[in-house]
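J.: have a look at this prediction, sequence included:
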Amino acid sequence: MPEPSRVAVTVLLVLAALTGCATGAARPPEEDAAKKSAGGSLSADHAASLATLRKVDDHPLWTMRFTGGYDPFTPLDAPLPATGVGCSLFSAHGDPADPVFGRNFDYPRQPALLLFTTPPSGHASVSMVDVSYLGVSSEQDFATDAGRRALLKAPLLPFDGMNAKGLVVGMATVPRWQPVHKPGRRTIGSVRVMRLVLDGAATVDEAVEIFGRHNIDTADTPPLHYMVADAEGRSAIIEFVDGEMVVRHGEGAWQAMVNFIDAGSTEKGRQDDPRYHRADRTLRAAGGRLTPEQAMDLLSGLQQHHTQWSIVYGKKSGEVRLATGQKYHRVHRFHLPMG
């Protein structure tokens, strides 16, 4: 299919020095809704978090900077649906000065939130959240007290993200899985485990170790596998097969993952998947060296009819490029301070 041309980058939002201030096309929520949500039993940190809500586009895409801490093991009322989604992910680290990570989240259109967090005892990070899983499923929900309070649980559900050390994590569905369940290990949700990784890991090895010391809760969630990558050119696919965690580390300047089980797959089997084939062909031809623009172009070529967002993380630059609803002519840009 022809790839959409990039006419212009229309929005620039810079989160500078963790101020949470936004510029460009973003605008604050309605003042009366902000006042309503700031009252009641909200803590000062929660009120400050909601005050940073900004609408970016009509997908709708919003941004928020979460102030204060959170408990990643807090129960959530709404489970993830036990249906497949899709998704394409790749790490392109052939250019050691500017390694990038690309990810398509393929699922029916829902409101999305780009969330910045600065936990007191963890790494700062930026992550994408499909807030429909928090009960925020319409534009109007962002203006209600219940909807805005639900957004305060957004740190618990990162669908992909990058932290200030350049560690990136994302997931995709697979036909089946059988996670490890060992006595003495704490159980964590299948998406929630990525919050532990963003908060606590700076390298691929540290991310793998976090996965390895937890049981993954399989209740009310589709089978998943994960990709992690770091700023030093390492990457890995993490899967759960026959009750064991299987890790395949990247061996070259790139690694790609879609929706088949990588463990035990053959090269022919991988190439038979059209999205994997296109990603592998592009990354191989480039020697794993993709600019952020080229990475977004590749995500455009990997899109499906239900691609909700496409995001490119700069693992050393801290730059985030994001397109929603397959509108690749309109790429929003954000920045996570690194260090």
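T.: Thanks, I have the structure now.
J.: now the phi/psi pair for the closest residue to residue 234 other than its chain neighbours, please.
T.: The shortest distance from residue 234 to any non-neighbouring residue, by Cβ to Cβ, 6 or more residues apart in numbering, is to residue 204 (4.2 Å). The way it works is simple: take the backbone N, C-alpha and C, and place the C-beta from them, glycine included. Main-chain dihedrals, residue 204, degrees, to the nearest 10: phi -60, psi -40.
J.: tell me how many other residues surround residue 204.
T.: By the criterion of other Cβ atoms under 10 Å, residue 204 has 25 neighbours.
J.: OK, contacts around it?
T.: Residue 204 makes contact with 167, 228-230, 234-236, 249, according to Cβ atoms under 8 Å, 6 or more residues apart in numbering.
J.: just the buried ones among those residues, please.
T.: 167, 228-230, 234-236 (16 or more other Cβ atoms under 10 Å).
J.: show me what the spatially most central residue of the chain is bridged to.
T.: Central residue of the chain (Cα atoms, centre = their mean): residue 160, 1.5 Å from the mean position. When bridges are called by DSSP bridges, residue 160 pairs up with residue 128, residue 170.
J.: which residues in this protein form helices?
T.: Counting by DSSP state H, residue ranges of the helices within the chain are 31-38, 44-50, 145-150, 192-200, 204-212, 267-271, 274-285, 292-302.
J.: centre of the chain to the fourth one, how far?
T.: Its chain's average C-alpha position is 11 Å from that of helix 192-200, according to Cα atoms, centre = their mean, to the nearest Å.
J.: just the angle for it relative to helix 204-212, thanks.
T.: Angle between the axes of helix 192-200 and helix 204-212 is 140 degrees (criterion: axes from the mean of the first three to the mean of the last three Cα atoms, to 10 degrees).
J.: again with the last one
T.: Here helix 292-302 runs at an angle of 40 degrees relative to helix 204-212 (the same axes, to 10 degrees).
J.: which other helices and strands does helix 292-302 contact?
T.: Applying 3 or more Cβ pairs under 8 Å, 6 or more residues apart in numbering; DSSP states H and E, one finds that helix 292-302 contacts strand 88-92, strand 100-106, helix 274-285, strand 307-314, strand 319-324.
J.: give me that answer again for 7 Å
T.: Contact partners of helix 292-302 among helices and strands, from 3 or more Cβ pairs under 7 Å, 6 or more residues apart in numbering; DSSP states H and E: strand 100-106, helix 274-285, strand 307-314, strand 319-324.
J.: mind listing what's buried in it?
T.: 292, 294-302.
J.: how about the fifth one?
T.: Within helix 204-212, the residues that count as buried by 16+ other Cβ under 10 Å are 204, 207-208, 210-211.
J.: check the offset of that helix from the chain's centre.
T.: 17 Å.
J.: and if you look at the shortest one?
T.: Here helix 267-271 shows a centroid-to-chain-centroid distance of 26 Å under the convention Cα atoms, centre = their mean.
J.: which helices and strands sit right next to that helix?
T.: Short answer (3+ Cβ pairs under 7 Å, 6+ apart): helix 267-271 packs on helix 274-285.
J.: pLDDT on the helix it packs on, on average?
T.: Averaged over helix 274-285, pLDDT sits at 98.
J.: begin at 468 from here
T.: In the new numbering, first residue 468, that becomes helix 741-752.
J.: what angle separates that helix from strand 555-559?
T.: Using the same axes, to 10 degrees: helix 741-752 against strand 555-559 is 10 degrees.
J.: list the buried ones in helix 741-752?
T.: 742-743, 745-747, 749-750.
J.: pLDDT wise, what is the residue nearest to residue 701 at?
T.: Residue 671 is given a pLDDT of 98.
J.: still on that earlier bit, for the buried ones among the contacts of residue 671, which one is nearest residue 599?
T.: In terms of Cβ to Cβ, no member of the buried ones among the contacts of residue 671 lies closer to residue 599 than residue 695, at 25.1 Å.
J.: bridged to that closest one, which residues?
T.: residue 636, residue 703.
J.: ok, it to residue 672 distance?
T.: Using Cβ to Cβ, to the nearest Å, residue 695 is found at 10 Å from residue 672.
J.: do the same with residue 515
T.: Taking Cβ to Cβ, one finds residue 515 at 35 Å from residue 672.
J.: try residue 694
T.: Taken as Cβ to Cβ, the span from residue 694 to residue 672 is 15 Å.
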